[in-house]
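Chemist: here you go, sequence then predicted model.
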Amino acid sequence: MRVTFLGTGSAMPTGERYQTGLVVEDDDRTLLVDCGSGILHRLQQSGVGYEAISTVLLTHHHLDHVADLLPLLKARWLAGEDHLEVVGPAGTKDFVDDLLGVHDYLEGRVDLQVREVGEHGFEAAGFEIEGFETRHSVPCLAYRFGDAVTFGADSEAFEGLANFADGCSALVHDCSFPDDVDVDNHPTPTQLGRALADSETRVETVFLTHLYPHTDGRHEEMLQSIEAAYDGDVRFAEDLRSIEV
Ligand SMILES: [Zn+2]
Ligand SMILES: [Zn+2]
């Protein structure tokens with residue numbers, strides 16, 4: 001399975017990191033997880049292309065995870081693609097309806113299916129996936145793809161989420177800010193290191209994502225904060241970088 005980070009940034013631009021999105025590919029299956037601002041362009045830059053994306057899996061409804069959803073729908077319509085499935089947490093149906101209420105000329109342009117999922121196993125784009133509620137300011141789901149990868153979405157660091165990823169090759173985890181930023185709903189590196197260590201989760205590599213501009217130039221220091229408690233392999237995710245899991 002290949003995971004390509006399309007956007008490893010957040011709601012505040014850094015210039016190098018677009019908002020949240022990643023693509024999971026395996027054989028002829030392709031799934032986009034989250035679709036923040038810039039992800040439509042990243043899909044083209046990555047070579048995956050928006051024509052290949054017929055299913056989008058949303059972690060939650062914050063703008064930095066959904067801003068390019070209707071632009072993706074419109075691009076697919078203009079390219080002659082006839083359908084799109086959106087899968088996400090409770091409230092996704094109303095959310096998509098509301099978006100189309102604002103941009104009503106897009107209604108009915110493609111066959112749009114919307115499906116809501118929760119803390120259970122489900123299938124999307126041919127992948128077997130499990131959902132897990134994170135700790136964020138709005139309902140938000142982390143997603144696990146077998147023993148390959150867990151995408152932790154937006155979340156504070158806590159043992160439950162670290163354990164949800166136990167046995168995976170990769171855990172992609174929110175690490176929005178360095179230690180000196182006081183924040184709720186996202187972890188600091190020290191908090192993340194402690195949660196990983198306390199959980200005793202066995203994950204091959206933790207990839208840090210959802211990076212605010214505050215983290216620029218401070219990666220070494222952030223890694224040291226995590227390593228103070230956790231001795232596993234930790235790296236920073238980068239836009240347009242792929243990993244095999
Ligand atoms: Zn969020
Ligand atoms: Zn976010």
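Modeler: That came in fine, so what should we check first? Ligands and ions are numbered 1, 2, ... in the order given.
Chemist: check which element follows the host helix or strand of residue 43 along the chain.
Modeler: Residue 43 belongs to helix 39-46 when assigned by DSSP states H and E. Using DSSP H and E, the helix or strand that follows helix 39-46 towards the C-terminus is strand 55-57.
Chemist: what's the neighbour count on residue 142?
Modeler: Neighbourhood size, residue 142 [other C-beta atoms under 10 Å]: 26. From N, CA and C alone the C-beta is placed, and that goes for glycine too.
Chemist: just checking: what are the partner strands of the host helix or strand of it?
Modeler: Applying DSSP H and E as the criterion places residue 142 in strand 141-145. Applying DSSP bridges to the sheet, strand 141-145 is found paired with strand 127-133 (antiparallel), strand 149-151 (antiparallel).
Chemist: tabulate those in a markdown table, adding columns for mean pLDDT and distance to ligand 2.
Modeler: Shown next, in a markdown table, are the strands paired with strand 141-145 (pLDDT from 0 to 100; distance: least, C-beta to the ion, whole Å):
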| stretch | mean pLDDT | distance to ligand 2 |
| --- | --- | --- |
| strand 127-133 | 98 | 16 |
| strand 149-151 | 98 | 12 |
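Chemist: show me which residues of the helix or strand hosting residue 160 are buried.
Modeler: Take DSSP H and E as the rule and residue 160 turns out to sit in helix 159-164. The neighbour-count check on helix 159-164 (16 or more other C-beta atoms under 10 Å) flags 161-164 as buried.
Chemist: how about the helices in the protein?
Modeler: Along the chain, counting by DSSP state H, helices occupy 39-46, 63-66, 69-78, 92-102, 159-164, 189-199, 219-227.
Chemist: for these, which one sits closest to ligand 1?
Modeler: helix 63-66 (6.3 Å; C-beta to the ion).
Chemist: can that closest one be said to contact ligand 2?
Modeler: Yes. Residues of helix 63-66 are located near ligand 2 by C-beta under 5 Å from the ion, namely residue 64.
Chemist: which residues of this protein lie near ligand 1?
Modeler: Contacts of the chain with ligand 1, taken as C-beta under 5 Å from the ion, map to 62, 154.
Chemist: next, the contact list for residue 152, please.
Modeler: By C-beta atoms under 8 Å, 6 or more residues apart in numbering, the residues touching residue 152 are 134, 142, 161, 165, 171-174.
Chemist: the residue located most distally from the centre of the chain and residue 57, how far apart?
Modeler: Distance to the chain centre peaks in the chain at residue 105, reaching 28.5 Å (criterion: C-alpha atoms, centre = their mean). Note on residue 105: its distance to residue 57, by C-beta to C-beta, to the nearest Å, is 26 Å.
Chemist: hang on, the earlier thing: which residues are in contact with the strand holding residue 142?
Modeler: Contacts of strand 141-145 (C-beta under 8 Å, 6+ apart): 1, 24, 33, 57, 59-60, 88-89, 117-119, 127-134, 150-153, 155, 161, 164-165, 168.
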